[in-house]
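> Have a look at this prediction, sequence included:
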There are 2 protein chains.
Amino acid sequence: MKFYDCKTAPSPRRVRIFAAEKGMQLETVQVDLANGEQFGAAFREINPDCVVPVLELDDGSRITEVLAICQYLEEVQPEPALIGRTPVERAMTMSWAIKVEQFGLMSIRDAFRNAAKGLKGHALTGPHSYEQIPELAERGRKGAVAFLERLEQHLGGSEFVAGEMYSIADITAMVFVDFAGWIKIGRPDDAVHLRRWYETVASRPSTAA
Amino acid sequence: MKFYDCKTAPSPRRVRIFAAEKGMQLETVQVDLANGEQFGAAFREINPDCVVPVLELDDGSRITEVLAICQYLEEVQPEPALIGRTPVERAMTMSWAIKVEQFGLMSIRDAFRNAAKGLKGHALTGPHSYEQIPELAERGRKGAVAFLERLEQHLGGSEFVAGEMYSIADITAMVFVDFAGWIKIGRPDDAVHLRRWYETVASRPSTAA
């Protein structure tokens, strides 16, 4: 297996943490996103959508999208389980991981990519040029704050994001909270459940991955 | 199991088609999205994010998010396989299904929800109010056209979206093409591969579900 990564980007970090939790060593290729390597002809052969992460298998198959890659790693090395051990556990974990992506990560992505000076003309990832929309940056900030509140409320009744088990939903939510820090959206002082949960998950050695 | 559905909405339709392909009958509750039932106290108990679909299990667990629901149905009734029979097949299918969601369905959602007169103040699904952003509607239309081109190119070398097997990736892509029709974005006349594929998948009896 070969893992196309970018050490500074939030999406591949989710896979790195996932693999570290399983004690898996992935042969890694760094893609220099800051200098546009993802748009070059060589990387387009790997992924025409010009994004990392990509997991290339020995048979040549290339898996893109974080949750598809994690699902594959879980199947080839089931323990420790980070998606689940039963159909219901797996469904609840995937449901929460997708929710955190859609309401959390997407909000920060909108806020960040529509405002960063270095991303003019690149408000979306991928090979096409899209101009920044300042109103969308603003909406993204509101969405991120709303989702932090949603998590606070949810974690009041749940040890981890998807229930009693540490999972890819926690990894995704922790990366969301850290990514929110990039645009100076912190954890609210009164978010006691979110803070309790964040301290637990962020202290795991895998987060250094 | 109880399935919270809305007959006119694209997201739950993906689950309806998926279940029909498997010959599963789901006990269904219609949620009246047009009249705001998803924002009422009763439905908020079911899903605080105020969206359908939701699959409620007999033990009370509630699975949200289309791909998590489909994964659960695949596990409890594996045949006919609509995600895959091997870890690689499942990963490639999920990867494509997510790609079609993110680049395809999200583009149409942006285009539709930021322009429809009836959705002022509801440019995003969920309990919070977000004003429409006309530039985002325009960007969504561009994104949808770009993704139709991406699919055309991809289907030139692939019988179905995720390879040789009809799957949830095809269901998602067909719903994307149909949803594009809502905002009058059709399949380009010269998109021969897309047309060949669409005729194949849209002629399956399950599409009436």
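Ah, there it is.
> Show me which residues of stretch A:75-82 are buried.
Within stretch A:75-82, the residues that count as buried by 16 or more other C-beta atoms under 10 Å in any protein chain shown are A:Ala81, A:Leu82. Using the backbone N, CA and C atoms, a C-beta is placed for each residue, glycine as well.
> So which residues lie in contact with that stretch, not counting its own?
Residues from elsewhere that reach stretch A:75-82, judged by C-beta atoms under 8 Å, 6 or more residues apart in numbering or on different chains: A:18, A:21-22, A:24, A:70, A:74, A:89, A:93, A:165-168, A:171, B:87, B:90-91.
> ok, A:Arg195 to chain B distance?
21 Å (C-beta to the nearest C-beta, to the nearest Å).
> Would you agree that residue falls within a helix?
Yes - the assignment for A:Arg195, made by DSSP: H, G, I helix; E, B strand; the rest coil, places it in a helix.
> That one contacts A:Val201, doesn't it?
No - when contacts are counted by C-beta atoms under 8 Å, A:Arg195 is not listed as touching A:Val201 (11.2 Å).
> Tell me how far stretch A:94-104 lies from the chain's centre.
10 Å (C-alpha atoms, centre = their mean, to the nearest Å).
> And stretch A:67-82, by the same measure?
The answer for stretch A:67-82 is 15 Å, by C-alpha atoms, centre = their mean.
> Same check on stretch A:159-168?
That offset, for stretch A:159-168, works out to 16 Å (C-alpha atoms, centre = their mean).
> Out of the contacts of stretch A:75-82, which sit inside helices?
A:Phe18, A:Glu21, A:Cys70, A:Glu74, A:Glu89, A:Thr93, A:Ile168, A:Ile171, B:Pro87, B:Arg90, B:Ala91 (DSSP state H).
> Now the buried members of these.
Here, 16+ other C-beta under 10 Å leaves A:Phe18, A:Glu21, A:Cys70, A:Glu74, A:Glu89, A:Thr93, A:Ile168, A:Ile171, B:Pro87, B:Arg90, B:Ala91 buried among these.
> quick one, phi psi at the nearest residue to the second one once chain neighbours are set aside?
On the basis of C-beta to C-beta, 6 or more residues apart in numbering or on different chains, the spatially nearest residue to A:Glu21 that is not a chain neighbour turns out to be A:Ser206, at 4.7 Å. Backbone torsions of A:Ser206, given as degrees, to the nearest 10, read phi -60, psi -20.
> Could you verify my assumption that A:Ser206 touches A:Val15?
No - taking contacts as C-beta under 8 Å, A:Ser206 lies outside contact range of A:Val15: 11.3 Å.
> contacting residues for the closest residue to A:Gly186 other than its chain neighbours?
Take A:Gly186 and drop its neighbours on the chain: the residue closest to it by C-beta to C-beta, 6+ apart is A:Ala180, 7.3 Å away. Going by C-beta under 8 Å, 6+ apart, A:Ala180 touches A:Ile108, A:Ala144, A:Leu148, A:Gly186.
> Just the pLDDT for the residue nearest to A:Glu21.
For A:Ser206, the pLDDT comes out at 98.
> That one: neighbour count?
Per other C-beta atoms under 10 Å in any protein chain shown, the neighbour tally for A:Ser206 reads 17.
> State which helix of chain A is the longest.
helix A:134-155.
> neighbouring contacts of that helix?
With C-beta under 8 Å, 6+ apart, helix A:134-155 has contacts from A:100, A:103-104, A:106-112, A:114-115, A:123, A:161, A:173, A:176-177, A:180, A:183, A:185, A:187-188, A:191-194, A:196-197, B:48-49, B:123-124, B:128, B:130, B:133, B:135-136.
> Need the buried ones from those residues selected in ChimeraX.
In ChimeraX, a selection of the buried entries from those looks like this (16+ other C-beta under 10 Å):
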select /A:100,103,104,106,107,108,109,110,111,112,114,115,123,161,173,176,177,180,183,185,187,191,193,194,197 /B:49,123,124,128,130,133,136
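> who's more crowded, A:Arg195 and A:Val201?
Per other C-beta under 10 Å, whichever of A:Arg195 and A:Val201 has more neighbours is A:Val201, with 18 against 15.
> The more buried one touches A:Asp170, doesn't it?
Yes - counting by C-beta under 8 Å, A:Asp170 is a contact partner of A:Val201 at 4.9 Å.
> Need the residues touching each of these two.
A:Phe160.
> Just the pLDDT at A:Gly40, thanks.
For A:Gly40, the predicted pLDDT is 96.
> Tell me how many other residues crowd it.
So A:Gly40, with other C-beta under 10 Å, has 13 neighbours.
> distance of it from chain B?
Counting by C-beta to the nearest C-beta - A:Gly40 and chain B are separated by 18 Å.
> cool, A:Arg196 as well?
For A:Arg196 relative to chain B (C-beta to the nearest C-beta), the value is 20 Å.
> Contact residues of chain A facing chain B?
A:48-49, A:57, A:59, A:61, A:63-65, A:67-69, A:71-72, A:75-76, A:87-88, A:90-92, A:94-95, A:98-99, A:102-103, A:123-124, A:126, A:128, A:130, A:133, A:135-136, A:139, A:142-143, A:146, A:150, A:153 (C-beta under 8 Å from any C-beta of the partner chain).
> care to break chain A down by domain?
A:2-76, A:87-208 (automatic domain parsing).
> Between the two ends of the last one, how far is it?
Using C-alpha to C-alpha, to the nearest Å, the gap from the first to the last residue of domain A:87-208 comes to 30 Å.
> can you tell me which helix or strand A:Tyr72 belongs to?
Using DSSP states H and E, A:Tyr72 sits within helix A:66-76.
> ok now that helix, how far from the chain's centre?
With C-alpha atoms, centre = their mean, you get 13 Å for helix A:66-76.
> State the mean pLDDT of it.
Here the average pLDDT along helix A:66-76 is 98.
> and what of stretch A:185-194?
Mean predicted lDDT for stretch A:185-194 stands at 93.
> which residues make contact with that stretch from outside it?
With C-beta under 8 Å, 6+ apart, stretch A:185-194 has contacts from A:108, A:111, A:141, A:144-145, A:148-149, A:151-153, A:155-156, A:177, A:180, A:195, A:198.
> The closest residue to A:Glu159 other than its chain neighbours and A:Gly156, how far apart?
Of all residues not flanking A:Glu159 in the chain, A:Trp197 sits nearest, at 7.8 Å (C-beta to C-beta, 6+ apart). Distance from A:Trp197 to A:Gly156, counting by C-beta to C-beta, to the nearest Å: 10 Å.
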